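Undergrad: Give me a model of this one.
(chains A and B)
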Amino acid sequence: MSDNTLSRPVPVTTEPPVARAALIGLAILFVALFLFAPLVTVFAEALAEGWRGVRAALSLPDARAAIGMTLTIAAIAVPLNAVFGIAAAWAIAKFDFTGKAFLITLIDLPFSVSPVVAGLMLVLLFGANSTLGGWFIANDMPIVFAYPGILLATLFVTFPFVARELIPVMIEQGPAEEEAALTLGASGWRTFFTVTLPNIRWALLYGVLLCNARAMGEFGAVAVVSGKIRGETATMPTMVEMFYNEYLSVAAFSLAAVLAMLALLTLLLKSLLEWRHADLLAATRRH
Amino acid sequence: MNIEIEDLAKEFGTTRALHPVSLFIPSGALVALLGPSGSGKTTLLRVLGGLEFPTSGRVLFGGQDATDLSVQERRAGFVFQSYALFKHMTVFENIAYGLRARPRKERPTEVEIGRRVDRLLDLIQLPDIGPRYPNQLSGGQRQRVALARALAIEPRMLLLDEPFGALDAKVRKELRQGLREIHDRTGLTTVFVTHDQEEAMELADLVVVMSMGRIEQVGKPADIRAKPASDFVREFTAA
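TA: Predicted coordinates:
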């Protein structure tokens, strides 16, 4: 009998099943209520008049222009910020220099400044009433209420994502592998592409995905800078708001659904990549 | 190839890591840089490898001034303290890295690269681990792979930073023997850094005792034991 009690496995987690079920249930309820339900609502509202309604809404010239605008802005802003982010993280993680702490603070600035304030900053700097803005307008390159302004606002707001993901990873890895590559005769670029980049690729991917999600979804800064000119400077988020304010609920939610779909697509892409490279991920993980 | 160090000094900001030091390392010697942490031994090794540049002084390889040679031009096989193997590459690719990094004209063919990697795997007595990843190896195996990777570039000298630091006592003894054998077989001038006096005394032909960025004494292990040049050397090598 005593043998029996000894050999019985003692559970490490000692919570009774009821408590466990309650906690898991609570978590599921929370996710369902605050994440899943709103998402479903967006799609349900979009489909309130059936597929025909969605198709009609999305073939509106204003909606088309907004989708095109958002995709173009993201296609330019994300690669640029990926490059800037890598450069900044590289400098911070692998080198010692004066003003490093200041640079880190500067990278975080877009997180701490309200996007609306960021937009206003750009309007004040490049608006028609400023010297700089006046010069650009005189040379037929308006920045505010035009394409470059939206790009600048998006770049500003999404700047920290890639750098923030990369800095801790690169600091943890230290410079040893890069130094090893150099002693083996590799050039700086070769070292970057064969050693640094493969080591940071997952962090880089997460950073790029977050950056992309924000670039497509940014509202505040873009709303201020773009002037929300329909068919010209309106992006998807600002167009959704305008449709909604005009009681065009199907159009608003159809466009919102497209935006949500784009976000879901990036998530799917990430999961797919992780799943395909699961072996390599497991083999190269440190611990 | 012999190595000459002439009045070499290194400062990091306001801290002096190395006071002007001079040292002659004869060709084919196995040399230990021995000292406590902060004695400047690793800095000296990194200057030799071209990973740090001296504030003043010269380094000569085989009588030729190498002070301004870049890290790539030095062709010094470097084994890092934690080995710094490329985690995302197999052992084979790790060892082949230096060969693939050569300019196209000097790059061996795929067949030749395969042959050389196999020969190096034989040399470190781990012939079958080519397809594995570094994190699938034991500490001792990693150290030997790092050694093979450094040897693959046909280096002019071998530099090792605390090569046995991260290993347990038994493996350490084995690998000491392994390094000695590889050194004797290749005839490469070899410099290793250690804080373990027993290791230095047992393995090296020539021991360089360092403290506070200065060289305290240079000599054969027996001579250092018999005639320590200072109180520091006596105390440090007595332990």
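
Undergrad: Let me know the pLDDT of residue A:209.
TA: pLDDT recorded at residue A:209 is 90.

Undergrad: who touches the nearest residue to it once chain neighbours are set aside in this structure?
TA: Nearest-residue entry for residue A:209: residue A:266, 5.1 Å, with adjacent residues in sequence omitted and distances by CB to CB, 6 or more residues apart in numbering or on different chains. The way it works is simple: take the backbone N, C-alpha and C, and place the C-beta from them, glycine included. Under the criterion of CB atoms under 8 Å, 6 or more residues apart in numbering or on different chains, the neighbours of residue A:266 are A:209, A:212, A:213.

Undergrad: count of residues packed around the last one?
TA: The number of residues packed near residue A:213 is 19, by other CB atoms under 10 Å in any protein chain shown.

Undergrad: The first one now?
TA: The burial metric for residue A:209, expressed as a neighbour count using other CB under 10 Å, is 20.

Undergrad: Might one say that it is in contact with residue A:268?
TA: No. Assessed by CB atoms under 8 Å, residue A:209 is found out of contact with residue A:268, at 10.7 Å.

Undergrad: And the residue nearest to residue B:128 when sequence neighbours are not counted, how close does it get to residue B:77?
TA: Spatial nearest neighbour of residue B:128, excluding adjacent residues (CB to CB, 6+ apart): residue B:121 at 7.9 Å. Remark: distance between residue B:121 and residue B:77 (CB to CB, to the nearest Å) = 16 Å.

Undergrad: Return the backbone torsion pair for residue B:216.
TA: Main-chain torsions, residue B:216, degrees, to the nearest 10: phi -90, psi -40.

Undergrad: From residue A:194, how far off is it?
TA: According to CB to CB, residue B:216 and residue A:194 sit 41 Å apart.

Undergrad: Which pLDDT value does the model give the residue nearest to residue A:209?
TA: Residue A:266 is assigned 83 on the pLDDT scale.

Undergrad: The residue located most distally from the centre of chain B: which element?
TA: Farthest-out residue of chain B from its mean C-alpha position, per CA atoms, centre = their mean: residue B:111, at 29.0 Å. Assessed by DSSP states H and E, residue B:111 sits inside helix B:110-123.

Undergrad: helices or strands up against the next helix or strand after that helix?
TA: Using DSSP H and E, the helix or strand that follows helix B:110-123 towards the C-terminus is helix B:139-152. Here helix B:139-152 touches strand B:76-79, helix B:91-100, helix B:110-123, strand B:157-161, helix B:169-186, going by 3 or more CB pairs under 8 Å, 6 or more residues apart in numbering or on different chains; DSSP states H and E.

Undergrad: quick one: average confidence on the second one?
TA: The predicted model assigns helix B:91-100 a mean pLDDT of 96.

Undergrad: same check, this time on the last one
TA: In this model, helix B:169-186 carries a mean pLDDT of 89.

Undergrad: do the fourth one as well
TA: Averaged across strand B:157-161, the pLDDT comes to 96.

Undergrad: cool, the shortest one as well?
TA: Per-residue pLDDT values over strand B:76-79 give a mean of 95.

Undergrad: outside of that strand, which residues touch it?
TA: A:179-180, A:183, B:48-51, B:143, B:146-147, B:150-151, B:153, B:155-161, B:163, B:188.

Undergrad: Within its sheet, name the partner strands of it and how each one runs.
TA: Here strand B:76-79 has these sheet partners by DSSP bridges: strand B:157-161 (parallel).

Undergrad: what about the strand it pairs with, distance to the chain center?
TA: Between the mean C-alpha location of strand B:157-161 and the chain-wide mean there is a distance of 2 Å, by CA atoms, centre = their mean, to the nearest Å.

Undergrad: next one: stretch B:6-21
TA: The answer for stretch B:6-21 is 20 Å, by CA atoms, centre = their mean.

Undergrad: do stretch A:157-167 as well
TA: From the chain centre to the centre of stretch A:157-167 is a distance of 9 Å (CA atoms, centre = their mean).

Undergrad: Quick check: mean pLDDT of that stretch?
TA: Confidence over stretch A:157-167 (mean pLDDT, whole number) is 93.

Undergrad: Also stretch A:270-287?
TA: Mean pLDDT, computed over stretch A:270-287, is 68.

Undergrad: for stretch A:180-194, same thing?
TA: Averaging pLDDT along stretch A:180-194 gives 94.

Undergrad: same check, this time on stretch A:119-127
TA: Per-residue pLDDT over stretch A:119-127 has a mean of 90.

Undergrad: Residue ranges in the chain under the pLDDT threshold?
TA: Let's take chain A. Applying pLDDT under 70 to chain A flags residues A:1-11, A:13, A:279-287.

Undergrad: if you could check chain B rather than the one you did, that'd help
TA: Residue ranges of chain B with pLDDT under 70: B:239.

Undergrad: can you list the residues of it near chain A?
TA: Proximity of chain B to chain A, by CB under 8 Å from any CB of the partner chain, involves residues B:49-51, B:71-72, B:74-78, B:80-82, B:84-88, B:97-98, B:101-102, B:133, B:135-136, B:149-150, B:152-153.

Undergrad: Of the contacts of residue A:266, which is the nearest to chain B?
TA: Of all the contacts of residue A:266, chain B sits closest to residue A:209, with 20.4 Å by CB to the nearest CB.

Undergrad: If you count contacts, what does the helix or strand encompassing the closest one end up packed against?
TA: Here residue A:209, judged by DSSP H and E, is contained in helix A:197-217. Judged by 3+ CB pairs under 8 Å, 6+ apart, helix A:197-217 is in contact with helix A:61-94, helix A:147-158, helix A:160-173, helix A:236-245, helix A:249-276.

Undergrad: List the buried residues of that helix.
TA: By neighbour count on 16 or more other CB atoms under 10 Å in any protein chain shown, the buried set for helix A:197-217 is A:198-200, A:202-217.

Undergrad: now stretch A:115-133
TA: Using 16+ other CB under 10 Å as the test for burial, stretch A:115-133 gives A:115, A:118, A:119, A:120, A:121, A:122, A:123, A:126, A:127, A:130, A:133.

Undergrad: residues from the stretch 101-250 of chain A in reach of chain B?
TA: Within the stretch 101-250 of chain A, the residues that sit near chain B (CB under 8 Å from any CB) are A:176-177, A:179-187, A:190, A:194-195, A:198-199.

Undergrad: Can you pick out the most distant pair from these?
TA: The largest separation in those, counting by CB to CB, is between A:185 and A:199 at 19.3 Å.

Undergrad: returning to what we had before: tell me who's in contact with the residue nearest to residue B:128.
TA: B:91, B:95, B:127, B:128, B:129, B:130, B:148.

Undergrad: hmm, back to that, buried members of the residues of chain B next to chain A into PyMOL, please.
TA: This is how PyMOL selects the buried members of those, with burial counted by 16+ other CB under 10 Å:
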select buried, chain B and resi 49+50+51+71+72+74+75+76+77+78+80+82+84+85+86+87+88+97+98+101+133+149+150+152+153
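
Undergrad: Residue B:201 and residue B:26, how far apart?
TA: Remark: distance between residue B:201 and residue B:26 (CB to CB) = 19 Å.

Undergrad: the more surrounded of those two?
TA: Legend: neighbour count by other CB under 10 Å for residue B:201 and residue B:26, higher for residue B:201 (18 against 12).

Undergrad: so that one makes contact with residue B:237?
TA: Yes. The pair formed by residue B:201 and residue B:237 meets the contact definition of CB under 8 Å, at 7.2 Å.

Undergrad: Pipe the helices and strands packed on helix A:197-217 into JSON lines and attach distance to residue A:108 per row.
TA: Listed next are the helices and strands packed on helix A:197-217 as JSON lines, based on distance: least, CB to CB, whole Å:
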{"stretch": "helix A:61-94", "distance to residue A:108": "11"}
{"stretch": "helix A:147-158", "distance to residue A:108": "13"}
{"stretch": "helix A:160-173", "distance to residue A:108": "6"}
{"stretch": "helix A:236-245", "distance to residue A:108": "23"}
{"stretch": "helix A:249-276", "distance to residue A:108": "24"}
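
Undergrad: Would you point to the one among the ones you listed that's packed deepest?
TA: Neighbour counts (mean count of other CB atoms under 10 Å in any protein chain shown) averaged over each of those peak at helix A:147-158, with a mean of 23.
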